[in-house]
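[1] fold the stuff below for me.
(2 chains, ligands or ions: 4)
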Amino acid sequence: MTEGIADPGPASEAEAEEEPTVTLRVWRGDTAGGDLVDYTLPANEGEVVLDVVHRIQATLAPDLACRWNCKAGKCGSCSSEINGKPGLMCMTRVDELPEGPITVAPMRTFPILRDLVTDVSFNYEVAKRVPAFAPAPAGPEGYRMQQVDVERGQEFRKCIECFLCQDVCHVIRDHEDNKEHYAGPRFFIRLAELEMHPLDTNDRRELVRQRMGIGLCNITKCCTEVCPEHIKITDNAIIPLKERVVDSSYDPVAWLGRKILRRHKRSAEEAAAAAPH
Amino acid sequence: MTDYETHRYDVIVIGAGGAGLRAAVEAKSRGLSTAIVCKSLLGKAHTVMAEGGVAAAMGNVYSEDSWQVHFRDTMRGGKYLNHWRMAQLHAQEAPDRVHELEAWGALFDRTPDGRINQRDFGGHRYARLAHVGDRTGLELIRTLQQKAVSMGIDVFMECKILRLLHDASGAVAGAVGYWRPTGEVVVFEANAVVLATGSIGRSYLYTSNSWESTGDGHAMAIWAGADVIEMECVQFHPTGMVWPLSVRGLLVTEGVRGDGGALKNNDGHRFMFDYIPEMFRAETAETEEEADAWYEDHAHHRRTPDLLPRDEVARAINSEVKAGRGSPHGGVYLDIASRRSPEYIRRRLPSMYHQFLELAGVDITVEPMEVGPTCHYMMGGVRVDPETQAATVPGLFAAGEVAGGMHGANRLGGNSLSDLLVFGRRAGLGASDFAEASDRSPTADAAQVDAVVAGALAPFGRDGGESPYAVHEELQRTMQSLVGIIRTGAELSEALEKLGELRDRASNVSVGGGRAYNPGWNLATDLPSLLTVSTAVTQGALARRESRGAHTRDDFPSADPDLGKVNFVQRQTDRRGFDAPIHIGPEPLPEMPPELRELLEEGH
Ligand SMILES: Cc1cc2nc3c(=O)[nH]c(=O)nc-3n(C[C@H](O)[C@H](O)[C@H](O)COP(=O)(O)OP(=O)(O)OC[C@H]3O[C@@H](n4cnc5c(N)ncnc54)[C@H](O)[C@@H]3O)c2cc1C
Ligand code: SF4
Ligand code: SF4
Ligand code: FES
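    Numbering: from 1, shown residues only, chains lettered A, B, ... in the order given. Ligands and ions are numbered 1, 2, ... in the order given. Down below sits the predicted model:
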């Protein structure tokens, strides 16, 4: 399917032909199925893919569904697959893509709602299973923590919840049934962040192993490659988390050593029980 | 009759930004059944974009800081149009609210002795903004989101509220809206409703705000018969991106200047030294040497004029550009590259660094940025009781950007995130108290629901009407050109006339497609709120025949002491809705107690 050039304006046909254009090949459809549709518009300098989608909405297809909020790579709403590569529409410059039509499709790992919008509720369900942060009470002046100690957690807290890492992770991308017992890279960094928090007292290691399915990750690093926040998901979160989980399962001596250094942490059962279901 | 699902709660909170989440956490922790409703996914609200920090007089960097100084700075920044009691509560309670976030998992940047670090911002006497690099809003929203989820608060995401419902006495008793993914109608019955819907920025063409900021809460409050105040006070942030055009308006945090960046015109001149107003002369550096020395030592030097309150800086930039001393794309230069090391810039301002590199192809460690004013923040809003955040209609509460009074005629940077926390909590408490004390059991009135739904669906039934996008763009152009930074009576009157025409056009838009996730239709349902708030802004601007804070009248260039003692209050009385008139009139500001008045004098 092809839809024509929007608003060619007063220019003569000959001129219109010379004007540079941009073509977006957008997946349109819903749960019943869909198709790629071409939209061609005059090209504008410095635009990102999301700008072109907005111009399509304003001119050719007012009902074209997509999510966005910040237009600055800060909210993680506009995730999609651009020329087959998962990314943020608001941070992908048109002039940096190869010439020719740009294919824009919804994230494949999540069920379609409509057009570029998918049902990402899986992620919000996993979030409910993460036991809350549980610090010791603070003194009157608040907590004291050193910058070096908060920096590791801060790296993970840069996460904008775009869910692109979840989208590329083959454990759920290719195996729908794994979603039941697999949290995915976004939540591995959340769990790692809590594990490494200088003030936290929960111990989530059993939980990570048994209910979050970290064993299924085989460290392909696709998640790290796609993360727009450049979080080193595999090296800095998943691998240390795997080590800790292994420690707690198989090496009681190492675990004991660490436990003495850290403050008391609750057991996985306690932590899981404290989490809302 | 409309088919719809109905949910009943003690308290519903409309909005999942900082204010809404904080309110919901409070109501839930009081044991009330609580729900949050928001237009986007959870965690995506506009608050996520806040960069610089949250203002709280913790005194971690300058022990001289105190709530009294913060109060003084806030009132002076607001040109004394603030509600003094809100400014006082805000200054007193902000430190506790920030510490509380830490107990809920937030990780702020630290001082060398391990406390929360604080950075400089415009109009704040001391370094006062607790921050996480330049992504403080993300930290705040994620912390509150995780807290809310761990408490089991129900969240209705991607659900747009169209209108508040009222009971026979006129008290607010719930709300009606639709699920964006399906377009199905949903009704909430509640004893107390908290509005936390954020800003109105989408009324303007160039704005730092997301698509959600369509003034729905402001408008719904007006349609419910509640008072709104200070609607003329719209803040234009001095530094938005100006190029490429597609990102025009996107924010460049004030933190750039707080961390050493300087504004320059196309002669390389630091023009802010030419625009120091009388009110701030005593505390502002007169030479570049003094300004630069201030960054190292606040105690012995006066602050750089680059960090004057936002209204002053925005007007100065406007004048430079008008005088032909601007940058190629119609802004001025913001230079940190020649003033700080690349490592420092990347560490302190990581998201600014990426934003410019990826969107404009500019490396801010090497080149200056081009910046210009952008519509950023709404000072005006729902008139509330400072202690409880109750609106003037029973059952209705408001917190965050949708509420008015706290910031007067101009908000200081960093004072919004703290406002969300302080008054979000208070709104949660106020709504809980109200819900607990209430003995009514609200039931939605089907006739009200039907009327709202019929109005919302009407664009589907019309053929050949205009596109909602066209009407929206015309509205934005009107507000941008006629109700912008510098205003005149003639242009404001012209704007009111145009808004009248746009109301007719909005009543005749048509949309195609279905109800499921249809942005064209969604925009059509935003038009009524956009038109109501734009009208209120314009009426307020016409009524305030003076220049004060963010509101500048070319035909009344100075402040009028008499008008400094009043709020312009707007409300709808008998006939309500986006096509009904809004009445406006001055009412005296509350009287400030003498001990607080003393704090405003110089020397504190
Ligand atoms: C780029 C940027 C940087 C900023 N930096 C700072 C800073 O450093 N420091 C500072 O103090 N302030 C800053 N601000 C200002 C501050 O971020 C905002 O004022 C504040 O976040 C507003 O919060 P809120 O909770 O009132 O509303 P928002 O965060 O805007 O949330 C509004 C919520 O209401 C919902 N909503 C709206 N209408 C409806 C409806 N009809 N139905 C259902 N839900 C609805 C939305 O979905 C959303 O969840 C910045 C603002 C911007 C844009
Ligand atoms: S490294 Fe693990 S979590 Fe990341 S994409 Fe590969 S399998 Fe998934
Ligand atoms: S970890 Fe990175 S890719 Fe994954 S959700 Fe967060 S920001 Fe997105
Ligand atoms: S719109 Fe926020 S990340 Fe793209």
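[2] next up, the contacts around residue B:433.
    Residues in contact with residue B:433 (CB atoms under 8 Å, 6 or more residues apart in numbering or on different chains) are residue B:388. Placement of C-beta: from N, CA and C, glycine included.
[3] er, residue B:390 actually
    B:384, B:396-397, B:430, B:434.
[4] which stretches of the stretch 401-550 of chain B form helices?
    B:415-437, B:446-461, B:468-482, B:489-506, B:519-543 (DSSP state H, counting those that start in this stretch).
[5] now, which of the contacts of residue B:390 sits nearest chain A?
    residue B:397 (24.9 Å; CB to the nearest CB).
[6] coming back round to it: among the helices of the stretch 401-550 of chain B, which is nearest ligand 3?
    helix B:415-437 (21.5 Å; CB to the nearest ligand atom).
[7] domains in chain A, as residue ranges please.
    Here the domain assignment for chain A is A:2-118, A:121-274, based on automatic domain parsing.
[8] could you tell me the least trusted of these?
    Ranked by mean pLDDT, the domains of chain A end with domain A:121-274 at the bottom, a mean of 84.
[9] with adjacent residues omitted, what lies nearest to the residue of the stretch 201-350 of chain B at minimum distance from chain A?
    With CB to the nearest CB as the measure, residue B:244 is the residue of the stretch 201-350 of chain B nearest to chain A, at 2.5 Å. Closest residue to residue B:244 apart from its sequence neighbours, by CB to CB, 6 or more residues apart in numbering or on different chains: residue A:46 at 2.5 Å.
[10] counting neighbours, what do you get for the residue in the stretch 51-200 of chain A that ligand 2 sits nearest to?
    Distance from ligand 2 to each residue of the stretch 51-200 of chain A (CB to the nearest ligand atom) is smallest for residue A:169, at 3.2 Å. Residues contacting residue A:169 under the criterion other CB atoms under 10 Å in any protein chain shown number 24.
[11] what's residue A:45 in contact with, if anything?
    B:244-245.
[12] helix/strand/coil for it?
    coil (DSSP: H, G, I helix; E, B strand; the rest coil).
[13] returning to that earlier point: the residue nearest to residue B:244 against residue B:243, yeah?
    Yes: counting by CB atoms under 8 Å, residue A:46 does reach residue B:243; the two are 7.1 Å apart.
[14] need the residues touching each of the two.
    Here residue A:46 and residue B:243 have residue B:360 as joint contacts, going by CB under 8 Å, 6+ apart.
[15] measure the residue nearest to residue B:244 to residue B:393 for me?
    Distance, residue A:46 to residue B:393, by CB to CB, to the nearest Å: 46 Å.
[16] circling back to that earlier point, tell me which of residue A:46 and residue B:243 has more neighbours.
    Set residue A:46 next to residue B:243 and count neighbours by other CB under 10 Å: residue B:243 wins out with 22 against 16.
[17] so the more buried one sits in a helix?
    No: counting by three-state DSSP, residue B:243 is not part of a helix but coil.
[18] ok, it - contacts?
    By CB under 8 Å, 6+ apart, the neighbours of residue B:243 are A:46, B:329, B:331, B:360, B:370.
[19] before we move on, what about residue B:432?
    Neighbours of residue B:432 in contact, by CB under 8 Å, 6+ apart: B:10-11, B:26-27, B:30, B:32, B:192.
[20] same deal with residue B:466?
    Residue B:466 touches B:505, B:508-510, counting by CB under 8 Å, 6+ apart.
[21] up against ligand 2, what does the stretch 51-200 of chain A have?
    A:168-169, A:171, A:185 (CB under 6 Å from any ligand atom).
[22] rewinding a little: could you dump the contacts of residue B:466 into JSON lines and include distance to residue B:255?
    Conversion of the contacts of residue B:466 to JSON lines gives the following (distance: CB to CB, whole Å):
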{"residue": "B:505", "distance to residue B:255": "41"}
{"residue": "B:508", "distance to residue B:255": "45"}
{"residue": "B:509", "distance to residue B:255": "40"}
{"residue": "B:510", "distance to residue B:255": "45"}
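[23] can you select the buried ones among those residues for me in PyMOL?
    A single PyMOL command is used to select the members of the contacts of residue B:466 judged buried by 16 or more other CB atoms under 10 Å in any protein chain shown:
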select buried, chain B and resi 505+509+510
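[24] from the contacts of residue B:466, which is closest to residue A:155?
    Nearest to residue A:155 out of those is residue B:509 (CB to CB; 46.5 Å).
[25] per-residue pLDDT, the closest one?
    97.
[26] report the contact partners of the closest residue to it other than its chain neighbours.
    Among residues not flanking residue B:509 along the chain, residue B:468 sits closest, at 4.6 Å (CB to CB, 6+ apart). Contacts here follow CB under 8 Å, 6+ apart; on that basis residue B:468 touches A:62, B:459, B:506, B:509, B:511, B:520-521, B:523-524, B:527.
[27] repeat that for residue B:28.
    Residue B:28 sits in contact with B:34, B:148, B:151-153, where contact means CB under 8 Å, 6+ apart.
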